[in-house]
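Colleague: Sharing a model prediction with you, sequence too.
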Amino acid sequence: MLVEADGGSRGNPGPAGYGAVVLDEGGDTVLAERFEAIGVATNNVAEYRGLIAGLRAAAELGATEVDVRMDSKLVVEQMSGRWQIKHPAMKPLAAEARELAGDFESVTYGWIPRERNKRADKLANDAMDGKVMPDPAIGAVPEAAEVSGGAPGGAPGEAPATARAVVTERPASAAHVTAPPASWSGAEGRPTRLHLVRHGQTELSVARRYSGRGNPPLTEVGLGQAKAAAARLSTLDGVAAVVASPLQRTRQTAGEIASALGLEVDVREDLIEVDFGEWEALTFTEAAERDPEAHARWLGDTSAAPPGGESFDAVHRRVDRFRQELIAEHGGRDVIVVSHVTPVKTLLRLALGSGPELLYRLHLDLASLSIAEFYPDGHASVRLVNDTSHLG
């Protein structure tokens, strides 16, 4: 198959987008098209993103041999191994492209003049003009789904898990979850994309104790997890903001991410974890023995609150308020949200339009990444859940 790819930036850096076309071997029939706006980026970053999208599309079509044609001399020479890659923003993109290329029997790269790359160039300009395309992959049933027992709230330390449901898309850097929802969803306009990060490990996480409004710092392991999340998210282009809960563990995690992106942390009170009240720092068993009736009710009733604490319904109201405020401020942009199990689950629940059962059945690991998109017409899409591939 042939892959024609291009990218552009109106300002270099400026508003950028990429386009990619997959054609049959003769170059006569278009088999697939991909394009997307990627925020503020350089021409070269957009060109690499076009290459990556084209290789992915060819792989989805079952190609074994691919001939890539681009009018970017830089990308062609670097991917051919004749030029060194010196710019730090290019290295992770080139590495991702090489990883994708390794799945084919052979990939060749050739330079073509711009006038022979009009199809990909047009798609890149469509992306920069704000057009969106259907996602050819959305709607597919995820392959990974694991279910096991537990209690509400998720992973160890913030509330023991009731059930474990892990769903991930193809392992890829968070910067490259690119396609908008399918045309069948009716979604219109550019979504506000939330990259949802749970904070790293604390001592209460290790001890499997309820950790709500308490303020433990990250452990050394937790700091390493935060740095790994930051490294993964550092390739994102055009991030509008890094927002976080006011608690220390989230601010430390967000600080690593913001530093990698050259941004400041925007603290939002509505992202704070649920208040476990008198159960703070207790284990699941200790809380159940201390207040058996209240604990049993809390496990199945989102209006119930721990003694002196906060109900999941109350968390839902404030997190939805945060979501609406954030979309009003950064509509159509990428925003990194660093928070806790309950607020992240609540944002995923809002995107899915699901009932409260999700709070009890979804597991979120420490320093995991999930992605939810909210469209200006009210539609929403969940693109990634509990991905920890960056943690090794």
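Modeller: Alright, I've got the coordinates.

Colleague: now the strands for the stretch 151-300 of the chain?
Modeller: For the stretch 151-300 of the chain, applying DSSP state E, counting those that start in this stretch gives strands covering 162-163, 192-198, 239-244, 265-267.

Colleague: which helices and strands does the third one pack with?
Modeller: For strand 239-244, the packing partners by 3 or more CB pairs under 8 Å, 6 or more residues apart in numbering; DSSP states H and E come out as helix 248-261, strand 265-267, helix 312-330, strand 334-339. C-beta coordinates here come from the backbone N, C-alpha and C atoms, glycine included.

Colleague: Quick one, grab the pLDDT at residue 161.
Modeller: pLDDT for residue 161: 36.

Colleague: Poorly predicted segments of the stretch 101-250 of the chain, please.
Modeller: 133-188 (pLDDT under 70).

Colleague: can you give me the helices in this protein?
Modeller: Residue ranges of the helices in the chain, as given by DSSP state H, are 43-60, 73-79, 90-101, 118-128, 203-206, 220-233, 248-261, 284-290, 292-298, 312-330, 341-352, 357-361.

Colleague: a markdown table for those helices, including distance to residue 189 and mean neighbour count?
Modeller: What follows is these, written out as a markdown table (distance: least, CB to CB, whole Å; neighbours: other CB atoms under 10 Å):
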| stretch | distance to residue 189 | mean neighbour count |
| --- | --- | --- |
| helix 43-60 | 21 | 26 |
| helix 73-79 | 30 | 19 |
| helix 90-101 | 27 | 18 |
| helix 118-128 | 14 | 22 |
| helix 203-206 | 38 | 18 |
| helix 220-233 | 24 | 20 |
| helix 248-261 | 25 | 22 |
| helix 284-290 | 43 | 16 |
| helix 292-298 | 39 | 15 |
| helix 312-330 | 11 | 17 |
| helix 341-352 | 16 | 25 |
| helix 357-361 | 26 | 18 |
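
Colleague: For residue 304, which of those is the nearest?
Modeller: Among the helices of the chain, helix 292-298 comes nearest to residue 304, with 4.6 Å by CB to CB.

Colleague: what's in contact with the closest one?
Modeller: By CB atoms under 8 Å, 6 or more residues apart in numbering, the surrounding residues in contact with helix 292-298 are 152, 279, 287, 288, 304, 305, 306, 307.

Colleague: Please report the number of neighbouring residues for the closest residue in space to the last one that isn't next to it in sequence.
Modeller: Across the structure, with CB to CB, 6 or more residues apart in numbering as the measure, the residue nearest residue 307 apart from its sequence neighbours is residue 278 (4.4 Å). Other residues within reach of residue 278, judged by other CB atoms under 10 Å, total 15.

Colleague: Find me the pLDDT at residue 278, would you?
Modeller: In this model, residue 278 carries a pLDDT of 97.

Colleague: Ok, residue 90 next?
Modeller: 82.

Colleague: How about the one 5 residues further on?
Modeller: pLDDT for residue 95: 91.

Colleague: residues near residue 392, how many?
Modeller: Neighbours of residue 392 (other CB under 10 Å): 7.

Colleague: separation between it and residue 364?
Modeller: 18 Å (CB to CB, to the nearest Å).

Colleague: chain center to stretch 222-231, what's the gap?
Modeller: Distance, stretch centre to chain centre, for stretch 222-231: 15 Å (CA atoms, centre = their mean, to the nearest Å).

Colleague: about what we covered before: adding distance to residue 379, write the helices and strands packed on strand 239-244 out as JSON lines.
Modeller: Output for these, formatted as JSON lines (distance: least, CB to CB, whole Å):
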{"stretch": "helix 248-261", "distance to residue 379": "27"}
{"stretch": "strand 265-267", "distance to residue 379": "26"}
{"stretch": "helix 312-330", "distance to residue 379": "13"}
{"stretch": "strand 334-339", "distance to residue 379": "18"}
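
Colleague: Out of those, which is closest to residue 6?
Modeller: strand 334-339 (21.8 Å).

Colleague: Could you please name the strands that closest one pairs with and the direction of each pair?
Modeller: The strands that strand 334-339 pairs with in its sheet are strand 192-198 (parallel), strand 239-244 (parallel) (by DSSP bridges).

Colleague: Deepest in the core, which of those is it.
Modeller: strand 192-198 (a mean of 26; mean count of other CB atoms under 10 Å).

Colleague: what distance separates it from the centre of its chain?
Modeller: With CA atoms, centre = their mean, you get 6 Å for strand 192-198.

Colleague: hmm, back to that, mind checking which of the helices and strands packed on strand 239-244 is nearest residue 52?
Modeller: Of the helices and strands packed on strand 239-244, nearest to residue 52 by CB to CB is strand 334-339, at 16.8 Å.

Colleague: Please write out the alpha-carbon positions of that closest one in PDB.
Modeller: Extracted C-alpha coordinates of strand 334-339, given in PDB (Å, rounded to 0.1, in the frame of the first residue of the first chain):
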ATOM      1  CA  ASP A 334      -6.700  19.500  25.500                       C
ATOM      2  CA  VAL A 335      -6.600  19.700  29.300                       C
ATOM      3  CA  ILE A 336      -4.700  17.500  31.800                       C
ATOM      4  CA  VAL A 337      -6.800  16.800  34.900                       C
ATOM      5  CA  VAL A 338      -4.900  15.300  37.900                       C
ATOM      6  CA  SER A 339      -7.200  14.100  40.600                       C
END
